[in-house]
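Asks: Quick one, fold the following:
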Amino acid sequence: MCEPDNGNVNQDQPNSDASLTRTAQAVNAGSGFVGAVGIEQQYENAKLVTADLNRQAFEAESAARVEAEDIRELVTRKTATARAALAAAGVNVEFGSSDVIIKEINKDGEQDALITIKNGQARAEQLRYAAKVNKINARLNRLTGHFSNIMETGAKAAKLSGGG
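Replies: Next up, the predicted model:
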């Protein structure tokens, strides 16, 4: 008569069904652990990508501000050069068309500087958005990965125990 398996492994028979079941369960548990480690590593990598995207956003804004200051300095030099040239030609630079020319140079230069800043801000916003999306995707992938791991391990366990 066959005795029901109560979980005790027969030491005299190393290849018994109980021994094979325990070995298979240990292997499956190990594969679930390895899968979880891989999921966590992917999550950590995604966090690094998110941090890098945020750093790039900061750098884009900073670079745009520096470039805008360079534009403003160039405009100041152009304005000074224009004033000097007009004054050397005997033109009064305080009013009239010469004053209009100098104001246009300043206005165009400031407009270029502001456009540069806005472009840097837009690029930074794109990078921050990409970082947010990456962070959300990383969290979702982590959750679904662990959930899939749990479901797979449960299905394997059920199959080993004769339930599936």
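Asks: I'd like the next helix or strand past the lowest-mean-pLDDT helix or strand in the chain.
Replies: Ranked by mean pLDDT, DSSP states H and E, the weakest helix or strand in the chain is helix 17-88, scoring a mean of 82. Sequence-wise, the next helix or strand downstream of helix 17-88 (DSSP states H and E) is helix 97-160.
Asks: So what's the model's average confidence on that following helix?
Replies: For helix 97-160, mean pLDDT rounds to 90.
Asks: how much space between residue 101 and residue 89?
Replies: According to C-beta to C-beta, to the nearest Å, residue 101 stands 12 Å off from residue 89. Every residue, glycine included, has its C-beta placed from N, CA and C.
Asks: out of those two, which sits in the busier spot?
Replies: residue 101 (16 against 9; other C-beta atoms under 10 Å).
Asks: quick one: the nearest residue to residue 39 once chain neighbours are set aside from residue 137, how far?
Replies: Counting by C-beta to C-beta, 6 or more residues apart in numbering, residue 145 is the residue found nearest to residue 39 once chain neighbours are left out, at 3.8 Å. Distance, residue 145 to residue 137, by C-beta to C-beta: 12 Å.
Asks: got it, and residue 95?
Replies: For residue 95, the distance to residue 137 equals 61 Å [C-beta to C-beta].
Asks: Of these two, give the one with the bigger neighbour count.
Replies: Neighbours of residue 95 and residue 137, each counted by other C-beta under 10 Å, are more numerous for residue 137; the result is 13 against 8.
Asks: Name the nearest residue to that one, ignoring sequence neighbours.
Replies: Residue 137's closest residue in space is residue 46 (C-beta to C-beta, 6+ apart), at 7.1 Å.
Asks: Please work out how many residues are found near the one you found.
Replies: When neighbours are counted by other C-beta under 10 Å, residue 46 registers 18.
Asks: Can you pull up the most central residue in this protein?
Replies: Centroid check for the chain by C-alpha atoms, centre = their mean gives residue 50 as the closest residue, at 2.6 Å.
Asks: surely that residue meets residue 138?
Replies: Yes: at 7.0 Å, residue 50 counts as touching residue 138 under the criterion of C-beta atoms under 8 Å.
Asks: what about residue 121, distance to residue 61?
Replies: In this structure, residue 121 and residue 61 are 6 Å apart, going by C-beta to C-beta.
Asks: Pick out whichever of these two has more residues nearby.
Replies: Neighbours per residue (other C-beta under 10 Å) separate residue 121 from residue 61, with residue 61 holding more: 19 against 15.
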